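# sequence and predicted structure, then a few things I'm wondering about:
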Amino acid sequence: MKCYLGVDIGSISTKGVIIDDDNNILASSYIPTEGSPVTAVKKLIKILKDKMDDKYIIKGIGTTGSARKLIGLLLDATIVKNEIMAHAIGTLSLYPDTKTILEIGGQDSKIILIQNGIITDYAMNTLCAAGTGSFLSSQAKRLGVDIKEFGKYALKSDNPVKIAARCTVFAESDLIHKAQAGYKKEDIISGLCKSIVLNYLNNVGKGKKIKEPIVFQGGVSKNEGVVKYFNEVLNTNVIVDDNSHLMGALGIAILSKGKTDKTYDLNIEDVSFQTKARECKGCSNNCEILRIYKDDKLIDNWGNRCDKYIKN
């Protein structure tokens, strides 16, 4: 069976899928990156391999996400693309009429506008973590609530507290103040979920014409409280797929198809992969050159601003 691997490597989580020629997901996994994308991907690949039988062959590999270039080298990827393209392709494969994609991940958030299957506009928030998955996780820990139960708490509230969530510092300060004032935990959580939605729409979605059908994805799409307030504020029912957290991996797997006749070996557990830094003295820029080694062989250099630096 011909199969295709898609890997989406973020700062917080690493996602992977193996699909067939009809884009059906045969195996998938979602694990924490824990500060080491190479280690996370090795673990991810092993999980995916264990879920497959011995009759599959990998005919394409795609990587996306913040560490896409690094992992593309590790896996000798067929294609390396940014998250905007990957998320759009993954979403359109399941919901071809989609006009707006709302995505909130572990460390950033984005909005993608689509017309007739073509990306017409997008925006990203990468400067502040307010309203992202990592922010929610830290607040859940502060409140003593399992992040998986966070959304359920929000749904219990009839009186959400107003939380200033435009900035992580202000949000944490406001949340602590509300807790110390004796507000119910579910009211604080509900207010936080609502403020995340308002913050997203007022910043990432500012000036964007949000049209239906609307698909909400990323790890935060699993939070029922955030989904509730997107529906309420936008006066619609946003679509949340069961695999909403895997859309980037799905999209890049689809994009890897038909690019080569090569067959890929996923036995990478024992592959040595390192990044070493070296300062170039060729000029006054003193560029920090990142040297990528695979099995002790130099395979690439990054960081040079000119062509003075030579691999050696």
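In hand now; what should we look at?
# can we go C-alpha only for contacts and neighbour counts from here?
OK.
# where does the prediction get shaky in the stretch 201-312 of the chain?
Where the stretch 201-312 of the chain drops to pLDDT under 70, the residues are 308-312.
# so which residues of it form helices?
Ranges of helices in the stretch 201-312 of the chain, per DSSP state H, counting those that start in this stretch, are 224-234, 247-255.
# list the buried residues in the first one.
Judged by neighbour count using 16 or more other Cα atoms under 10 Å, the buried positions of helix 224-234 are E224, G225, V226, V227, K228, Y229, F230.
# which residue packs closest to S134, ignoring adjacent ones?
Sequence neighbours aside, G106 is the residue nearest to S134 in space, at 5.1 Å (criterion: Cα to Cα, 6 or more residues apart in numbering).
# the one you found belongs to a strand?
No: read with DSSP: H, G, I helix; E, B strand; the rest coil, G106 is coil and lies in no strand.
# quick one, what contacts it?
Counting by Cα atoms under 8 Å, 6 or more residues apart in numbering, G106 makes contact with G10, S11, I12, S13, T132, G133, S134, F135, G218, G219, V220.
# can we see that at 10 Å?
10-13, 32, 129, 131-137, 218-220 (Cα atoms under 10 Å, 6 or more residues apart in numbering).
# ditto for T120
Neighbour list for T120: K99, I112, L113, I114 [criterion: Cα under 10 Å, 6+ apart].
# so what's it scoring on pLDDT?
With respect to pLDDT, T120 has a value of 96.
# quick one: it from K59, how far?
Applying Cα to Cα, to the nearest Å, the value for T120 to K59 is 31 Å.
# now D8
According to Cα to Cα, D8 and K59 sit 18 Å apart.
# same check, this time on V38
21 Å.
# my guess is A249 contacts S28, does it?
Yes: shown here, A249 and S28 form a contact pair, counting by Cα atoms under 10 Å, at 9.1 Å.
# common neighbours of those two, please.
Common neighbours of A249 and S28, using Cα under 10 Å, 6+ apart, are L5, G6, V7, K15, G16, V17, I18.
# so which helix or strand takes in the residue lying closest to the fourth one once chain neighbours are set aside?
What sits nearest to K15 in space, not counting adjacent residues and going by Cα to Cα, 6+ apart, is Y30, at 4.5 Å. In the assignment (DSSP states H and E), Y30 maps to strand 25-32.
# what average pLDDT does the helix or strand just after that strand get?
Counting by DSSP H and E, the next helix or strand C-terminal to strand 25-32 is helix 37-51. In this model, helix 37-51 has a mean pLDDT of 95.
# please identify the buried residues of the helix or strand following helix 37-51?
Using DSSP H and E, the helix or strand that follows helix 37-51 in sequence is strand 57-65. Within strand 57-65, the residues that count as buried by 16+ other Cα under 10 Å are I58, K59, G60, I61, G62, T63, T64, G65.
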